[in-house]
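J.: Just the structure for this:
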Amino acid sequence: MKQRKEMIDDERGYFFGFARGTYGEVLGELSKTRVNSWRTSSIPLAEFWQPSNLGRIGRLLSKHLPDFNPVCALKFFEFPTDALFDGERIGRPSMTDIMILEAGVQIAVEGKMTEYVRFADKTVREWLNEGVGAADILLRHRILKAWLCYIHNADCTGLGGFADFKSNCMDISYQFLHRTASACNKAGLKGGTIPVLVYQLFFDANDAEHIQKMEEFKSELRRWAAALKLQNMKFLKAHFDGMHGEIFDTMRDESIYKFDFDATTVEAVIDTPEEVK
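T.: Predicted structure coming up:
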């Protein structure tokens, strides 16, 4: 007989646009979303952040976030961050896989599994070149300025301004830019909230190509962070060996992935000043 997961309907701060805050509700909403295969990153990410894993997650992150308590934190799946220009929402929102809010920290979690194996991230330059006509190109420049403004306002970049950004950051991932901006939005040391960006990388330990691609992607993350001159925030990479899987409805009753917590590593990508350690 299949054993139903524990605490799936306990009110423990899981959200996907509803009031009660249960993990079961998250799975119900995720089941309405489109996934191309069981290797889509949203599946192991949702499985990993189930209630019974929260204690172990806290211990894994304790070196980098010693006061973080994932049990008490609010966990918003598919969290939108709008780009604002002169107070107006422009473009499409950045959809963070999980936005986690707890006293003193704001954590944007981006899950990756097969994405970094199958294709390269679109660069800022490529995204800009997709603009059709002068109005669209102007809009895209304003969107970039909005994302950069969030990072600047949190004092999380050493870039001098938009001209500096255009000189140094055209070849970074556009998604990385707006995920960083989402972590920084309405956060920062002055407000007493540390912005944290976590890239949670799932991989197949038995697939040499997958591991190689993951290592290449890790190098890209370091390069992008250096180009943006990130500072005064925490940027972490976490690696998890994910195994067999199916889809969200099945996850209500059984575990479809196995995670090797003992072999899990969490790395800081950027040097962190003493005041935010």
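
J.: can I have whichever strand or helix holds residue 151 written out in PDB, keeping just the CAs?
T.: Residue 151 is part of helix 133-153, with elements assigned from DSSP states H and E. Extracted in PDB, the C-alpha atoms of helix 133-153 (Å, rounded to 0.1, in the frame of the first residue of the first chain):
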ATOM      1  CA  GLY A 133      10.500  48.200 -33.800                       C
ATOM      2  CA  ALA A 134      11.700  51.300 -31.900                       C
ATOM      3  CA  ALA A 135       8.900  51.200 -29.300                       C
ATOM      4  CA  ASP A 136       9.600  47.600 -28.400                       C
ATOM      5  CA  ILE A 137      13.400  48.200 -28.100                       C
ATOM      6  CA  LEU A 138      12.800  51.200 -25.900                       C
ATOM      7  CA  LEU A 139      10.500  49.200 -23.700                       C
ATOM      8  CA  ARG A 140      13.100  46.500 -23.300                       C
ATOM      9  CA  HIS A 141      15.700  49.100 -22.300                       C
ATOM     10  CA  ARG A 142      13.300  50.400 -19.700                       C
ATOM     11  CA  ILE A 143      12.700  46.800 -18.400                       C
ATOM     12  CA  LEU A 144      16.500  46.300 -18.000                       C
ATOM     13  CA  LYS A 145      16.700  49.600 -16.100                       C
ATOM     14  CA  ALA A 146      13.900  48.500 -13.800                       C
ATOM     15  CA  TRP A 147      15.700  45.200 -12.900                       C
ATOM     16  CA  LEU A 148      19.000  47.000 -12.400                       C
ATOM     17  CA  CYS A 149      17.300  49.600 -10.300                       C
ATOM     18  CA  TYR A 150      16.100  46.900  -7.900                       C
ATOM     19  CA  ILE A 151      19.600  45.600  -7.500                       C
ATOM     20  CA  HIS A 152      21.000  49.100  -7.100                       C
ATOM     21  CA  ASN A 153      18.400  50.100  -4.500                       C
END
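
J.: what's the following helix or strand after that helix?
T.: For helix 133-153, the following helix or strand on the C-terminal side (DSSP H and E) is helix 162-168.

J.: Residue 129 - how many residues pack around it?
T.: A count of nearby residues for residue 129, using other CB atoms under 10 Å, gives 11. To be clear about C-beta, it is placed using only N, CA and C from the backbone, and glycine gets the same treatment.

J.: what separates it from residue 174, distance-wise?
T.: Distance, residue 129 to residue 174, using CB to CB, to the nearest Å: 11 Å.

J.: cool, residue 231 as well?
T.: Per CB to CB, residue 231 is found 21 Å from residue 174.

J.: When those two are compared, which one has more neighbours?
T.: Neighbours per residue (other CB under 10 Å) separate residue 231 from residue 174, with residue 174 holding more: 23 against 18.

J.: In space, what's closest to that one - neighbours in sequence excluded?
T.: Among residues not flanking residue 174 along the chain, residue 127 sits closest, at 4.2 Å (CB to CB, 6 or more residues apart in numbering).

J.: List the contacts of residue 30.
T.: 16, 42, 46, 77, 248 (CB atoms under 8 Å, 6 or more residues apart in numbering).

J.: Turn these into TSV, columns for secondary structure and distance to residue 122.
T.: Below are those laid out as TSV (DSSP: H, G, I helix; E, B strand; the rest coil; distance: CB to CB, whole Å):
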residue	secondary structure	distance to residue 122
16	coil	26
42	helix	19
46	helix	25
77	strand	23
248	helix	27
